[in-house]
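Student: Requesting a structural model of the entry that follows:
(3 chains)
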Amino acid sequence: MDVNLQDKILIALKEQFEDQILHAGMQYDFFSITLKKDKITHIIQFLYNHPELKFQYLTTLCGIHYPELQQIAIMYQLHNLYTNARLRLKIFLPEDKPTVSTLTGVFAAANWMERETYDFYGVIFEGHPNLTRILNVDEMIIFPMRKEYPLEDQIRQDKNDTMFGR
Amino acid sequence: METSGKVIMSEKPDGLEGAGFFATSLEKVVGLARKNSIWPLPFATSCCGIEFMATMGAHYDLARFGSERLSFSPRQADLLMVMGTIAKKMGPVLRQVYEQMAEPRWVLSVGACASSGGIFDTYSVLQGIDRIIPVDVYVPGCPPRPEQIIDGILKIQHLVESESLRRRDLQEYKAMLNTYGIE
Amino acid sequence: MELKETPDQFYQPEEKQYSYLNLGPTHPATHGIFQNVLKMDGEMIVESTPTIGYIHRAFEKLAERRPFYQITPITDRLNYCSAPINNIGWHMTVEKLLGVEIPKRVQYLRVIIMELARITDHLICNAVIGVDTGALTGFVYMFQQRELVYEIYEEICGARLTSNIGRIGGFERDFSPKAWDKINRFLKEFPLVLKEFENLLKRNRIFIDRTVGVGGITAERALNYSFSGPNLRAAGVDYDVRVALPYSSYQDFDFIIPVGSNGDVYDRFMVRQEEMWQSLNIIRQAIDKLPDGPFHADIPDFYLPPKEEVYNNMEALIYHFKIVMGETDVPKGEVYHSVEGGNGELGFYLISDGGRTPFRLHFRRPCFIFYQAYPEMIKGSMLSDAILTMSSMNVIAGELDA
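Tutor: Numbering: from 1, shown residues only, chains lettered A, B, ... in the order given. Reported below is the predicted structural model:
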């Protein structure tokens, strides 16, 4: 992404959300901005409605668990289909009580992506129409993608740890 | 009408043959009949299901072995072909399908995932369908080639042919089902 | 005998009565494991509630435990109809993280493989649309052609369906002369068959009646639902990752992005059909322009040395060991790379913390994203149209449930 567009995005955001921006910079070929979590829906709505930026396509949304920081990050990727500009927004939530406002009002596509993030990380999206588990069974009590939970099925008996040092 | 190849008949079982009659045991005749008209129920969940489609296609042609009639209703099926990963969410569904099938019924577990969980040793995947239902033949591979699936069907045919008529009434068989908590 | 009017206690004329139909999870017509609870008013669908996750295999968690090159087999099983695209997309993601320059020849070979994979993907989808409208002929006929592509894969990497093709940095070996023969044979034979298949359905009265105006979606809604791939293009938006954000030298080729206008089943069918023609076109161009050069990039830290050297050369043995054990250094960083998969933008969001495994790997799975529009698309349509809509969207369970 060229420098002009980066500046344009930052200037546009700083006009309204000066206090929300924590960090901005290029990560490989992707311009990414770290934000505070409070006004994320407003910011994305603003980018959606902005006459020049027009980030009107939600590419993807996912959670990331940082056990050292005790935080869960949510990553949003937006795309402007007119100019093929792409933008990554990242917010950090506390691990013990991750709540953030939902994006379903802006993008219909955010519905299942947020449900998936809830399913994996336990992030509560306030205002989501149907925030239930989507991929795992409803009875599950853990949020499996968090780093502290094991990957492997715990009921298997045939694994001999002495041989493979797992 | 001209046929392209000659028709191959199944070999007749051992028996007494004379002018105008042929005598053999009922068991063998039933086995022969069952063997060549197995109605499979394809329980295809993922990648192996695509290979099964190839097996059904013209190139490999499962119809040569009398199994071209897929039965999507469990009640009329003889053979449950489990193809692909069975997640824990899917486990109860698979079990119900098995319970709905009428005796005699056979189970073919196609692919590493169905047989043992395969590469997906994860919290959400059932580590082999033999944890919930009895399996007759396992086909290895991820996914198995169509030839292997056909080989699995031939193994099932061998079982079907050689199974005694009263086997399903045996106490051992019922005890085996009870270990899975069925009936 | 006198007929008396008895009031029917079960009949309630004021209230509309709905019935509920459980479609799936093992319904034969759904081509995969999806459950939809349909609220029906007679034959009409009033509402549908999809349940997914029946083959959730925890790809993303699994990827956090595996070295980079061992993730390739996982990507195979995302969209297993076009596994090579997933493999190569993943390889390109890692190459982007490492900052590797890929030789032109490798990029062209990759284009050939990816377009072959796209053909097989669209082939299944369109053949299945044919089956669901009652034309099994096309399905059986097209699957023979799929076998030809599988033979090409076998010649190149040894596997048929879940191909695990190539390596980080290129291919494990150059294409053999036999593989080129098979590709040329495919390019010669397949267009005839594809044309025949197209003639079977394209202007077929029954097919048109079944598909035109069925399961449509407008471009605005499709974009709001983050559609991508043929489904978005059928709705009239010309977004194709191959052109919008070219990778692997797609900018060198001249091809058309077909777009539809209504976003209905017929448009999706035709877009896929035309994309197969374009893929053939791209493959021909790639073969014509194919440059000479090495078949892999020069990255000894990630590309396994040849076997003869491993057995005879100490250094090669050390590299082999390091790569296999995942002990090579990986830069830290966050990378997103997307390729145009069979169903749309297939993205890999990779966070590396310098360790032997990814810190986080997120797959942007197009099926998962556009399948949530399904209830909206089938609302008010007939049950049989709902089946057709699903098969024309080409929802692949492996990609949907991760």
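
Student: Give the helix, strand or coil label for the closest residue to A:Arg146 other than its chain neighbours.
Tutor: Leaving out its chain neighbours, the residue that sits closest to A:Arg146 by C-beta to C-beta, 6 or more residues apart in numbering or on different chains is A:His65, at 5.1 Å. Placement of C-beta: from N, CA and C, glycine included. Taken by DSSP: H, G, I helix; E, B strand; the rest coil, the conformation at A:His65 corresponds to strand.

Student: Just grab the bridge partners of A:His65 for me.
Tutor: For A:His65, the residues forming beta bridges with it (DSSP bridges) are A:Ile72.

Student: Count the residues that sit near it.
Tutor: For A:His65, the count of nearby residues is 23 (other C-beta atoms under 10 Å in any protein chain shown).

Student: check contacts around it.
Tutor: When the contact criterion is C-beta atoms under 8 Å, 6 or more residues apart in numbering or on different chains, the partners of A:His65 are A:Ile72, A:Ala73, A:Glu95, A:Tyr121, A:Met145, A:Arg146, A:Lys147, C:Arg360.

Student: And the helices in chain B, which stretches?
Tutor: All helices of chain B, identified by DSSP state H, fall at B:26-35, B:47-56, B:91-100, B:112-116, B:146-162, B:171-179.

Student: Wondering if the last one reaches chain A at all.
Tutor: No. Shown here: helix B:171-179 not in contact with chain A (C-beta under 8 Å from any C-beta of the partner chain), separated by at least 15.8 Å.

Student: Counting by contacts, list what that helix packs against.
Tutor: Under the contact criterion of 3 or more C-beta pairs under 8 Å, 6 or more residues apart in numbering or on different chains; DSSP states H and E, helix B:171-179 touches no helix or strand at all.

Student: Next, the angle from it to helix B:91-100.
Tutor: Helix B:171-179 runs at 150 degrees relative to helix B:91-100, counting by axes from the mean of the first three to the mean of the last three C-alpha atoms, to 10 degrees.

Student: any low-confidence regions in chain A?
Tutor: Of all residues in chain A, those with pLDDT under 70 make up the ranges A:1, A:160-166.

Student: Ramachandran angles for C:Ile282?
Tutor: Main-chain torsions, C:Ile282, degrees, to the nearest 10: phi -60, psi -40.

Student: List the contacts of it.
Tutor: For C:Ile282, the residues meeting the contact criterion (C-beta under 8 Å, 6+ apart) are C:Val111, C:Glu115, C:Phe253, C:Phe255.

Student: which element follows the helix or strand where the second one lies toward the C-terminus?
Tutor: Pointing back at C:Glu115 there. When elements are assigned from DSSP states H and E, C:Glu115 belongs to helix C:104-132. Scanning the chain past helix C:104-132 towards its C-terminal end, the next helix or strand to appear is helix C:136-157 (assignment: DSSP H and E).

Student: And for A:Asp96, nearest residue in space, chain neighbours not counted?
Tutor: The nearest residue in space to A:Asp96 (C-beta to C-beta, 6+ apart) is A:Gln70, at 7.6 Å.

Student: any idea how far the one you found lies from C:Asn126?
Tutor: When distances are taken as C-beta to C-beta, to the nearest Å, A:Gln70 and C:Asn126 turn out to be 50 Å apart.

Student: A:Arg86 now?
Tutor: On the measure of C-beta to C-beta, A:Arg86 and C:Asn126 end up 31 Å apart.

Student: pretty sure C:Met40 contacts C:Asn22?
Tutor: No. Here C:Met40 does not reach C:Asn22: they are 10.8 Å apart, not a contact under C-beta atoms under 8 Å.

Student: tally of neighbours for C:Leu192?
Tutor: C:Leu192 is surrounded by 10 other residues when neighbours are defined as other C-beta under 10 Å.

Student: Quick one, grab the pLDDT at it.
Tutor: In the predicted model, C:Leu192 carries a pLDDT score of 93.

Student: Check B:Thr3 too.
Tutor: Reported pLDDT at B:Thr3 in the predicted model: 57.

Student: Can you give me the separation between the spatially most central residue of chain C and A:Trp112?
Tutor: The C-alpha lying nearest the average C-alpha coordinate of chain C belongs to C:Gly342 (C-alpha atoms, centre = their mean; 3.0 Å). As judged by C-beta to C-beta, C:Gly342 and A:Trp112 stand 20 Å apart.

Student: Then C:Leu136?
Tutor: Shown here: C:Leu136 relative to A:Trp112, a distance of 33 Å by C-beta to C-beta.

Student: Compare these two (neighbour count), which wins?
Tutor: The residue with more neighbours, out of C:Leu136 and A:Trp112, is A:Trp112; 26 against 10, by other C-beta under 10 Å.

Student: so what's the more buried one up against?
Tutor: Taking C-beta under 8 Å, 6+ apart as the criterion, A:Trp112 is in contact with A:Ile134, C:Phe368, C:Ile369, C:Tyr371, C:Gln372.
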